[in-house]
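> I would like the atomic coordinates for the input below:
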Amino acid sequence: ETTKPVVPNGTSSVFVTILNMMKLMIGSGMLSLPWAFAHVGLYPGIIACIFCATFNFISAMFLIYSAEITQVFEYSALLSRLGVVWEYASALVLLYVVSGSLLGYLILIGDFVNDAIIQMGAAPDAIPAQRELIIILFTVFLLTPLVLLKDLTALRYSSFIGIAAILYCVLLLIATTISHVNTPGFELGS
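Residues are numbered from 1 along each chain as shown. Now for the predicted structure:
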């Protein structure tokens, strides 16, 4: 007889956690890399990526090491061990990082949905194709209800949809790039 693993109330299952981590890793940061490389160039972009990867690795190792030493494996409880000042400083840094990620998603939503509406035949100056309106509507009617959820297990469905949307955007980016390679005047990196 097989039994399903019991997930304590207020926590996520391993599957939901993996979905959220996948979405985090291939999310707006990965999709904005081509834009960043186009603006800073190849070598500064590579150096910035190496710096960020190194910084993330060191930060993760500090967290793992701290959790092993203190035997506290919950992020907020681990931060409370550092004292009130460091707990609030860490919360501010986390808020900054999450806000940056959200801003990246909103920019991508505005760009992709705006282009999709125009491709469906709407005039670029029509109300449904206005980028600012698209971002506001997505924020108010989709993102805000998701962040106000009390139980995060409901996010497993939105995480799956998010991963599917990100994979679609990556494939669209690759297909668009390939289709423009033979276009006169197209130069890789321009």
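
> make it CA atoms for all contacts and neighbour counts henceforth
Fine.

> so which residues of the chain form strands?
With DSSP state E, there are no strands along the chain.

> where does it dip in pLDDT?
Scanning the chain for pLDDT under 70 picks out 1-12, 16, 24-31, 152, 156, 186-190.

> where is the longest helix in the protein?
When the chain is parsed with DSSP state H, its longest helix is helix 84-119.

> report the buried residues of it.
87, 90, 101, 104-110, 113-115, 117-118 (16 or more other CA atoms under 10 Å).

> list of residues touching stretch 127-144?
106-107, 109-111, 113-115, 117-118, 122-124 (CA atoms under 8 Å, 6 or more residues apart in numbering).

> count the residues that sit near residue 162.
Residue 162 has 19 neighbours, counted by other CA atoms under 10 Å.

> does it touch residue 23 like I think?
Yes. Between residue 162 and residue 23 there is a contact under CA atoms under 8 Å: 6.8 Å.

> need phi/psi at residue 121.
phi 120, psi 0 (degrees, to the nearest 10).

> now it: how far from residue 127?
According to CA to CA, to the nearest Å, residue 121 stands 13 Å off from residue 127.

> of the two, who's got more company?
More crowded of residue 121 and residue 127, by other CA under 10 Å: residue 127, with 12 against 9.

> please tell me how far that one sits from residue 105.
In this view, residue 127 and residue 105 are 21 Å apart by CA to CA.

> one step back: out of the buried residues of helix 84-119, which comes closest to residue 62?
Distances from residue 62 to these, taken as CA to CA, are shortest for residue 90 (13.4 Å).

> grab the nearest non-local neighbour of that closest one.
residue 79 (7.5 Å; CA to CA, 6 or more residues apart in numbering).

> what is the burial count for the one you found?
20.

> wait, doesn't it sit right on residue 86?
Yes. Counting by CA under 8 Å, residue 86 is a contact partner of residue 79 at 7.2 Å.

> what sits in contact with each of these two?
With CA under 8 Å, 6+ apart, residue 79 and residue 86 have no common neighbours.

> picking that back up, chain center to the longest helix of the chain: distance?
Relative to the centre of its chain, helix 84-119 is centred 8 Å away, using CA atoms, centre = their mean, to the nearest Å.

> and stretch 142-152, by the same measure?
16 Å.

> with just CA atoms, put it into PDB.
Presented in PDB, the C-alpha positions along stretch 142-152 are these (Å, rounded to 0.1, in the frame of the first residue of the first chain):
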ATOM      1  CA  LEU A 142      -3.900  38.700 -11.900                       C
ATOM      2  CA  LEU A 143      -0.800  39.400  -9.800                       C
ATOM      3  CA  THR A 144      -2.400  41.100  -6.800                       C
ATOM      4  CA  PRO A 145      -4.800  38.200  -6.100                       C
ATOM      5  CA  LEU A 146      -1.900  35.700  -6.400                       C
ATOM      6  CA  VAL A 147       0.200  37.600  -3.800                       C
ATOM      7  CA  LEU A 148      -2.700  37.900  -1.400                       C
ATOM      8  CA  LEU A 149      -3.200  34.100  -1.100                       C
ATOM      9  CA  LYS A 150      -3.000  32.800   2.400                       C
ATOM     10  CA  ASP A 151      -2.200  29.200   1.300                       C
ATOM     11  CA  LEU A 152       0.700  29.000  -1.100                       C
END
